[in-house]
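Novice: Quick one, fold the following:
(chains A and B)
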2 protein chains.
Amino acid sequence: MSQENRIPPPTALVASLPATVPFVGPEAHMRASGRPFRARLGANESLFGPSPRAVAAMAAAAQDVWMYGDSESHDLRAALATQHGVAPENIVVGEGIDGLLGNLVRLMVGPGDAVVTSDGAYPTFNYHVAGFGGVLHKVPYRDDHEDPDALLARARAVGAKLVYLANPDNPMGSWHGAARVQAMIDATPSDTLLVLDEAYVEFAPDGTAPQMRPDTPNVIRMRTFSKGYGMAGLRVGYAIAHRDLVALFDRVRNHFGIGRIAQAGALAALKDADHLADVRAQVARARDTLADIAARNGLRALPSATNFVAIDCGNGDERARAILGALMAQDIFVRMPFVAPQNRCIRVSVGDAAALDAFAQALPVALRKAGQTAR
Amino acid sequence: MSQENRIPPPTALVASLPATVPFVGPEAHMRASGRPFRARLGANESLFGPSPRAVAAMAAAAQDVWMYGDSESHDLRAALATQHGVAPENIVVGEGIDGLLGNLVRLMVGPGDAVVTSDGAYPTFNYHVAGFGGVLHKVPYRDDHEDPDALLARARAVGAKLVYLANPDNPMGSWHGAARVQAMIDATPSDTLLVLDEAYVEFAPDGTAPQMRPDTPNVIRMRTFSKGYGMAGLRVGYAIAHRDLVALFDRVRNHFGIGRIAQAGALAALKDADHLADVRAQVARARDTLADIAARNGLRALPSATNFVAIDCGNGDERARAILGALMAQDIFVRMPFVAPQNRCIRVSVGDAAALDAFAQALPVALRKAGQTAR
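Specialist: Just a heads-up that it's a prediction; the model follows:
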C-alpha cells in the first residue's frame, strides 16, 4: 500500500487495541450458518418478551420519532427515582449498561490505571477498560462465585480505580446475598469505585440487592431494561450513584443518545409491575425445567439467580466445547464461559416452552456427538 | 464535605472539563416554561415526520425488541452500500452523527492534538474534541459560509488531526457545491482527516455532495436519519469512509448500541424514496414561506440548503437575542447561532403549515417587543 492510501494515524492507544469484538452476535451466527436458530438461548434475552403496554407505548412513540428524545430523560429518571427511593439526581440513563460502562470507564480510568475484575466476568467491561488504556487485574472465581474478598484485596494491592462485581454473576448465574454485598461496599477503599452490575437482579431472590444508599460516594449500581423487562434491543440502562458521580456523566455522555421510543418503552415497562412479576415466575419455572433436562442427560445445572443456567459438562473445557458445537450445529444457540474452570459449563438462557423443548430434543443428540468427538 | 463523602477522583482530563452541555433540549425548555411549544422550530427536526412505512416497521419491531439488534447492522449497511455505490465495509452505523463524532474523535484525537473547525459551527463536535483533550483551532466564517481555504490553511499550520466541514452548514444553512468540496478533499494533507458532516445534504440542491470515493483515505462523510428521514428520536447515523478507518470503529464502539427498532426503522425509511422526495419538496416550499414571512416583517432570510433558515435580524446579536426571547415567550421554539457575526440571525426550522402560521403570527409581536426592549 502506498503512503497515499494510508488513513491518517489513530492515537497510539487505539493503534495498540486488538480488532476483536466482545461478542459475536446472534444475527452474525445465523448469517454464518445460513439458517435461523431453532432456539435462541445464547444471549440471555427474554423470550417472554416485553410488557404489552411497553409495546403499545413504543408503537405510539414511533409516530413522534421525528422529535429528539428528552436529553435529560426527565420522566424516566423521575419514575426510576420513585421506584428506588432515591433522587433523580442520583440516576443517569444510558445506552444499555454497555454504554454506561463505557462512559464510566472513560470518566475514571486513564492509561495505566488499575482496574480489578474476576477472571471470566463480563468481557464488555474489560473491552472498555482496555479501550481507555486501563490495566486489568483479574482474580479467580471461588466455587463458581465472584469473590468479593479477593476482589477487594487485589483492589487494595494495586490501588484500583474501579473494582467490578456482577451480582448475580454472568456467566455462572451465582449470587451473593445483600449482607455480603453491603459488606463489600463498606470495605471498598475510598479512592476505589465499586461497579456493582445488577443487570440480572430482577430474577434474584428477595434479599439479593442491598438497600439503596445513594450517598455512598464510591459505589455505582447498574441496572437495565434488557433482561427482566425484556427489551435488550431497545438499549436502555441506568445507573444509581452519588449525585456528584452522576453529574460527571454530563461531561462526556451523548446527551441526545436515548431516543424517544426508548424512553417511552422503558417508562411504560417500568409501570407494568404485573408483567415483570409474571416474567420472574416464568423464568423461575424455566430454570427448573432446564435443570430437569440437564439431570435427565446426566448433567448438573448450577443454581441460578438469573435468566440463564450454567450446565456443568464435566471437567475441562473440551467436552463443553464439543457439546456447544453440537448444539449450534442443530441451530440451538447457546454460549459458554470464556475461562477455566467456568468453561467446563455451557450457558443456556431460559426460554419459552418451544425453545426449551427444542433444547431438550437437541441435548441428547449433542451429547452423543460430543461423546464421539471429544471423549 | 468530609473526605469520606467525596467520590473517587475522575481522570485529570475529566476533572478539567466544564459541566456544560452542548444544547438545552426542547423538553428542558418546556419544563422550564411549564408550557408546551406552539411551534417546535428550534432543533431542526422534521415536522413532516418519518415515512409511514418506517413507522409501521418500527411498530412491528417493537414486538421483537426482546432481541438485541444485529451488532453488525448487516442489512442496513448492505442497503446503504447499494444506495451509495460503496461496499458495506465502507460504512459504520452509529448512535446518530453525535455518537459517530464521539467515536471518531476518540479514535483520532489524544490530549494536545490539534483539531480545526469554524467559529460557530456544530458545538457537539467541539464538545467531543474537548472531551478527549484535543485543542480546538477555529477559523471565521466567510460571508456566512464555512471557509474551506481558511480551514485547510489552519489545518496545515497546526498539523491538525481532524478538520471539520459541515456541508450544508448548520447554523447558517449555507453550502458549497460539489466541486469546491472535492477540491478541499483533494487538498487535505494526508495525515489530516477531513470530517465532512452532510447531515442536511438531502435538502441541498443536486450537485452539492461530491461523488463517493471511499478509497480516499483521509475523508469521512457523516449522514443521518435524523433530518431528511425525519427520525431524530431514533438515533441512527452512519459514516462512509475508507474501510481501514471504518474497521477502527470496531475497536471502540458500543457493538450492540444500535437497537432493533432503530435498525428496522432506518431500513424501511431508506427504501421509501417517495417519502423523502415529498419531504424535500415540502421543505423547499416551507423555506420560501419562511423567507416571505421574514420579508413581510422587514427581515432577510438567508439562502438555505437545509431544513432551517437563518433570518438576519440586523447588526449585532442584541436584536436577534431580543427577538428570540420574545418568540420563546410566545412558546415559539427557535434558536440562534452562538458567535458573531452569525449571531445577528435567528435560526428557524421549517415546519408544517400550522407551525409556520404560528411563527407568522408571533414574529411581528416579537419584533414589536424587541423594538421596545433592545433598540
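
Novice: Could you use CA atoms for every contact and neighbour count after this?
Specialist: OK.

Novice: mind checking how far the lowest-mean-pLDDT helix or strand in chain A is from the chain centre?
Specialist: In chain A, no helix or strand scores lower on mean pLDDT, DSSP states H and E than helix A:353-374, which sits at a mean of 91. Put simply, helix A:353-374 sits 26 Å off its chain's centre (C-alpha atoms, centre = their mean, to the nearest Å).

Novice: how far off helix A:353-374 does the top helix by length along chain A point, in degrees?
Specialist: When chain A is scanned for its longest helix (criterion: DSSP state H), the result is helix A:273-296. Taking axes from the mean of the first three to the mean of the last three C-alpha atoms, to 10 degrees, one finds helix A:273-296 and helix A:353-374 inclined to each other by 30 degrees.

Novice: Tell me how far the spatially most central residue of chain A lies from A:V236.
Specialist: Centre of chain A computed as the mean C-alpha position; nearest residue by C-alpha atoms, centre = their mean is A:A199, 5.5 Å away. Separation of A:A199 from A:V236 (C-alpha to C-alpha, to the nearest Å): 11 Å.

Novice: Give me the common contacts of those two.
Specialist: Residues touching both A:A199 and A:V236 (C-alpha atoms under 8 Å, 6 or more residues apart in numbering or on different chains): A:I97, A:T224, A:S226.

Novice: give me the subset of these touching chain B.
Specialist: A:S226 (C-alpha under 8 Å from any C-alpha of the partner chain).

Novice: Save the shared contacts of A:A199 and A:V236 as a markdown table, and put in pLDDT and secondary structure too.
Specialist: Below are those laid out as a markdown table (pLDDT from 0 to 100; DSSP: H, G, I helix; E, B strand; the rest coil):
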| residue | pLDDT | secondary structure |
| --- | --- | --- |
| A:I97 | 98 | helix |
| A:T224 | 98 | strand |
| A:S226 | 98 | coil |
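
Novice: What subset of the shared contacts of A:A199 and A:V236 is buried?
Specialist: Buried members of these, counted by 16 or more other C-alpha atoms under 10 Å in any protein chain shown: A:I97, A:T224, A:S226.

Novice: Help me confirm that the last one comes into contact with A:N307.
Specialist: No: using C-alpha atoms under 8 Å, A:S226 is not in contact with A:N307, being 11.3 Å away.

Novice: who touches both of those two?
Specialist: Joint contacts of A:S226 and A:N307 (C-alpha under 8 Å, 6+ apart) are A:S46.

Novice: Just list the residues touching A:D244, thanks.
Specialist: A:D244 touches B:I7, counting by C-alpha under 8 Å, 6+ apart.

Novice: any idea which element it lies in?
Specialist: Per DSSP states H and E, A:D244 falls inside helix A:243-249.

Novice: tell me the mean pLDDT for whichever helix or strand comes after that helix?
Specialist: Once helix A:243-249 ends, the next helix or strand along the chain (criterion: DSSP H and E) is helix A:260-271. Mean pLDDT, helix A:260-271: 98.

Novice: got the CA positions of helix A:260-271 in CSV?
Specialist: C-alpha atoms of helix A:260-271 as CSV (Å, rounded to 0.1, in the frame of the first residue of the first chain):
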residue,chain,number,x,y,z
ARG,A,260,-37.9,8.9,22.1
ILE,A,261,-39.1,5.3,21.5
ALA,A,262,-36.6,4.0,24.0
GLN,A,263,-37.8,6.5,26.7
ALA,A,264,-41.4,5.7,26.1
GLY,A,265,-40.9,2.0,26.1
ALA,A,266,-38.8,2.0,29.3
LEU,A,267,-41.2,4.2,31.2
ALA,A,268,-44.2,2.0,30.2
ALA,A,269,-42.4,-1.2,31.1
LEU,A,270,-41.4,0.2,34.5
LYS,A,271,-45.1,0.9,35.3
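
Novice: near chain B at all, it?
Specialist: Yes: using C-alpha under 8 Å from any C-alpha, helix A:260-271 reaches chain B at A:R260, A:I261.

Novice: how big is the angle separating that helix from helix B:260-271?
Specialist: Using the same axes, to 10 degrees, helix A:260-271 lies at 150 degrees relative to helix B:260-271.

Novice: now helix A:260-271: how far from the chain's centre is it?
Specialist: Using C-alpha atoms, centre = their mean, the offset of helix A:260-271 from its chain centre is 20 Å.

Novice: Likewise for stretch A:201-218?
Specialist: On the basis of C-alpha atoms, centre = their mean, stretch A:201-218 sits 16 Å off its chain's mean C-alpha point.

Novice: ditto for stretch A:161-171
Specialist: Computed by C-alpha atoms, centre = their mean, the chain-centroid distance of stretch A:161-171 equals 9 Å.

Novice: Could you do stretch A:168-188 as well?
Specialist: The mean C-alpha position of stretch A:168-188 is separated from the chain mean by 15 Å, C-alpha atoms, centre = their mean.

Novice: Report the buried residues of that stretch.
Specialist: Buried, per 16+ other C-alpha under 10 Å, within stretch A:168-188: A:168-178, A:180-181, A:184-185, A:188.

Novice: A:G110 and chain B, how far apart?
Specialist: A:G110 is 6 Å from chain B, where distance means C-alpha to the nearest C-alpha, to the nearest Å.

Novice: Doesn't that residue belong to a strand?
Specialist: No: checked against DSSP: H, G, I helix; E, B strand; the rest coil, A:G110 lies outside a strand; its state is coil.

Novice: Hmm, it is touching A:A130, no?
Specialist: No: using C-alpha under 8 Å, A:G110 is not in contact with A:A130, being 9.9 Å away.

Novice: Those two: who's more crowded?
Specialist: Higher neighbour count among A:G110 and A:A130: A:A130, with 25 against 22, using other C-alpha atoms under 10 Å in any protein chain shown.

Novice: tell me which element that one falls in.
Specialist: Per DSSP H and E: helix A:123-131 holds A:A130.

Novice: Dump the helix or strand following that helix to PDB, keeping only the CA atoms.
Specialist: Going down the chain from helix A:123-131, the next helix or strand is strand A:135-139, by DSSP H and E. This file holds the C-alpha atoms of strand A:135-139, laid out as PDB (Å, rounded to 0.1, in the frame of the first residue of the first chain):
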ATOM      1  CA  VAL A 135      -4.700  -2.200  33.200                       C
ATOM      2  CA  LEU A 136      -6.900  -5.100  34.100                       C
ATOM      3  CA  HIS A 137      -6.100  -7.300  37.200                       C
ATOM      4  CA  LYS A 138      -8.200 -10.500  37.400                       C
ATOM      5  CA  VAL A 139      -8.900 -12.700  40.400                       C
END
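
Novice: May I have the strands that pair with strand A:135-139, each with its orientation?
Specialist: strand A:114-118 (parallel) (DSSP bridges).

Novice: what sits up against the strand it pairs with?
Specialist: A:129, A:134-141, A:146-147, A:151, A:154-155, A:158-165.

Novice: So which bits of that strand are buried?
Specialist: By neighbour count with 16+ other C-alpha under 10 Å, strand A:114-118 contains the buried residues A:A114, A:V115, A:V116, A:T117, A:S118.
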